[in-house]
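Colleague: sharing a sequence plus its predicted fold:
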Amino acid sequence: MLNAYTMRTRLAPAFLGVLATFLFAYPFAWMFFSSFKTNNEIYQPLLFFPSEYESDAYVSLLSGELPSGASLPFSFLEVFSHSILASGSQALLATALTAMAGYAFAKYRFRWKNVLFALAILVILVPRQALAVPLFEWLTQLRLNGSLWAIILPGAASGIGLELAKVCIRKQMHVVMADNNAALLKEKADELDRNASTDVLG
């Protein structure tokens, strides 16, 4: 049977995990149920569940028309599809670029390697506001202002992603090299055994 100390040591992490899950999930659950509330109920933070579940907000969002008859100034499906396309494209492009750059920094030796890597990391310290004007001028020269590329390209690479890619690739290279060395040692040991057997039989 488990003693009291063992029970406490096992229950404490479980309790903390449940508490953390509740704290992280509560805001999302509150937003979901608030989408069915009236405007007056939304401004009552202690009211978790709506008194009546109304789907007018979803109907207006998908149809593009408000209950008063006015039209929304945007199309939700168009904005949502653009968001998915921009975020997905940026994630794929960032993964590809940081993986290639991380592989180069992890495997090869070249001039100014450490300087270039330090500059890539130092970009993290530059405030986004300081990059607004240079990015605007750069995208204007490329004639990409007003397009999805203006959202995708600025976030296509990051110093944090480069560092993570470099560390992961370097560790994987160590694993591969260790496996190759182990296989080579086993092959040499088998060869020595064969040679020893041949000498004894000879």
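Modeller: Great, that's in hand. Quick caveat: nothing in here was measured; it's all calculated off a predicted structure.

Colleague: tell me the contacts of residue 38?
Modeller: 50, 52, 54 (C-beta atoms under 8 Å, 6 or more residues apart in numbering). (C-beta placed from N, C-alpha, C; glycine too.)

Colleague: go on, residue 18?
Modeller: Counting by C-beta under 8 Å, 6+ apart, residue 18 has no contacts.

Colleague: any idea how far residue 49 is from it?
Modeller: 21 Å (C-beta to C-beta, to the nearest Å).

Colleague: cool, and residue 83?
Modeller: Taken as C-beta to C-beta, the span from residue 83 to residue 49 is 29 Å.

Colleague: next, count neighbours for residue 118.
Modeller: Residues within reach of residue 118, counting by other C-beta atoms under 10 Å, total 11.

Colleague: what's the closest non-adjacent residue to residue 37?
Modeller: Take residue 37 and drop its neighbours on the chain: the residue closest to it by C-beta to C-beta, 6 or more residues apart in numbering is residue 50, 4.2 Å away.

Colleague: where in this protein is pLDDT low?
Modeller: For the chain, applying pLDDT under 70 flags the ranges 1-8, 173-202.

Colleague: now do the strands in it.
Modeller: Secondary structure of the chain (DSSP state E): no strands present.

Colleague: now do the helices in this structure.
Modeller: 4-34, 39-42, 56-63, 76-107, 113-122, 128-141, 149-152, 159-201 (DSSP state H).

Colleague: quick one: closest of those to residue 70.
Modeller: Set against residue 70 and scored by C-beta to C-beta, those come closest in helix 56-63, at 9.7 Å.

Colleague: what angle do the closest one and helix 4-34 make?
Modeller: Per axes from the mean of the first three to the mean of the last three C-alpha atoms, to 10 degrees, the angle that helix 56-63 makes with helix 4-34 is 60 degrees.

Colleague: what's in contact with helix 56-63?
Modeller: 35, 36, 66, 67, 72, 76, 77.

Colleague: if we go to 10 Å?
Modeller: 34-39, 55, 65-68, 70-72, 75-77, 80 (C-beta atoms under 10 Å, 6 or more residues apart in numbering).

Colleague: sorry, back to before: neighbours around the residue nearest to residue 37, how many?
Modeller: Quick note: residue 50 (other C-beta under 10 Å) scores 15 neighbours.

Colleague: what do you get for the one 10 residues further on?
Modeller: Applying other C-beta under 10 Å, we find 17 other residues in the vicinity of residue 60.

Colleague: next: the one 5 residues further on.
Modeller: Other residues near residue 65 come to 13 when the count uses other C-beta under 10 Å.

Colleague: cheers, nothing more for now.
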